[in-house]
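> coords please:
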Amino acid sequence: MTPTKKVSESQVEMTEIVLPNDTNQLGNLLGGRLMHLIDIAAAIAAARHTNRVCVTASIDELNFIHPIKVGEVVILQASVNRVFRTSMEVGVKVTAEDILTGARTHANTAYLTFVAIDEERKPVEVHGVEPVSNDEKRRFEEAMQRRALRLQHRKSLQKSHSSPPA
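Coordinates of the predicted model:
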C-alpha cells in the first residue's frame, strides 16, 4: 500500500499587502505579480507534500474574477488536490481582504501541476494524498477531470506541432 499524507499536512497560507510598486496604472495588483505569488504558494505546498524540490509543469488558465487594489491584503491558500505518479495538482484560492473593513472577496482560483524531482533533476514518484473533508474530496475528484483535459490538450498540441507547416 502506498503511503499517503493528509491534505492538511502540506497546506499553505500566504499573506501579502499590495503596495504601489505591485500595481498597474489603475491601482490594481499586476496579473504577473499575482501569478508569481500563486506559483510560490503552490510550490511550497508541493514541496511540503513530497519533501522534495518540485518544479512547475503547467498552470491551467487564470481567470481574474475580481481586481485586487493597492492597500488590500492578498491571501493565497494552496493545497495538494491529487497526486498522480510523479506529478500532482495543486489548487490555489486567492482572496482579497479590505484591511479597513475586513471584507473578503474571492479574486482568483488557479490549478498548477508540479513534478517532484530527485538530486539529478529527474522525476520521482510521489506518495498519495488523503482527502478528509468533503471539500478536499470534491477537489480530489475534480482534479482527475482536469487532468484528463490537460492530457487531451497536450496531445492535441503535440499533434499540431508535429505536422508540417502550411
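> Show me what counts as buried in the helix or strand of the chain with the lowest mean pLDDT.
Least confident helix or strand, the chain: helix 134-162 with a mean of 86, by mean pLDDT, DSSP states H and E. Judged by neighbour count (16 or more other C-beta atoms under 10 Å), helix 134-162 contains these buried residues: 136, 139-140, 143, 146-147, 150. All C-beta spots, glycine's among them, are computed from the backbone N, C-alpha and C.
> repeat for stretch 21-31
22-23, 28-29.
> Longest strand in the chain, please.
As assigned by DSSP state E, the longest strand anywhere in the chain is strand 104-117.
> Name the nearest of the buried residues of helix 134-162 relative to residue 107.
Minimum distance to residue 107 across the buried residues of helix 134-162 is 18.4 Å, recorded for residue 139 (C-beta to C-beta).
> name the helices or strands packed onto the longest strand of the chain?
helix 31-50, strand 53-59, strand 73-83, strand 87-97, helix 134-162 (3 or more C-beta pairs under 8 Å, 6 or more residues apart in numbering; DSSP states H and E).
> Mind listing the strands the next helix or strand after it pairs with, and their directions?
Going down the chain from strand 104-117, the next helix or strand is strand 128-130, by DSSP states H and E. With DSSP bridges as the test, strand 128-130 is paired with strand 4-6 (parallel).
> quick one: strands adjacent to the next helix or strand after the strand it pairs with?
Sequence order places strand 12-17 as the next helix or strand after strand 4-6, per DSSP H and E. Paired with strand 12-17 in the same sheet, following DSSP bridges, are strand 73-83 (antiparallel).
> got any ranges where this structure has weak pLDDT?
Applying pLDDT under 70 to the chain picks out residues 1-2, 161, 163-166.
> do that again at 90, thanks
In the predicted model of the chain, residues 1-3, 60-64, 148-166 satisfy pLDDT under 90.
> hang on, the earlier thing: out of the helices and strands packed on strand 104-117, which is closest to residue 128?
Closest among the helices and strands packed on strand 104-117, once you apply C-beta to C-beta, is strand 73-83, at 5.1 Å.
> rewinding a little: make TSV out of the buried residues of stretch 21-31 and add secondary structure and distance to residue 103.
Shown next, in TSV, are the buried residues of stretch 21-31 (DSSP: H, G, I helix; E, B strand; the rest coil; distance: C-beta to C-beta, whole Å):
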residue	secondary structure	distance to residue 103
22	helix	20
23	strand	19
28	strand	17
29	strand	16
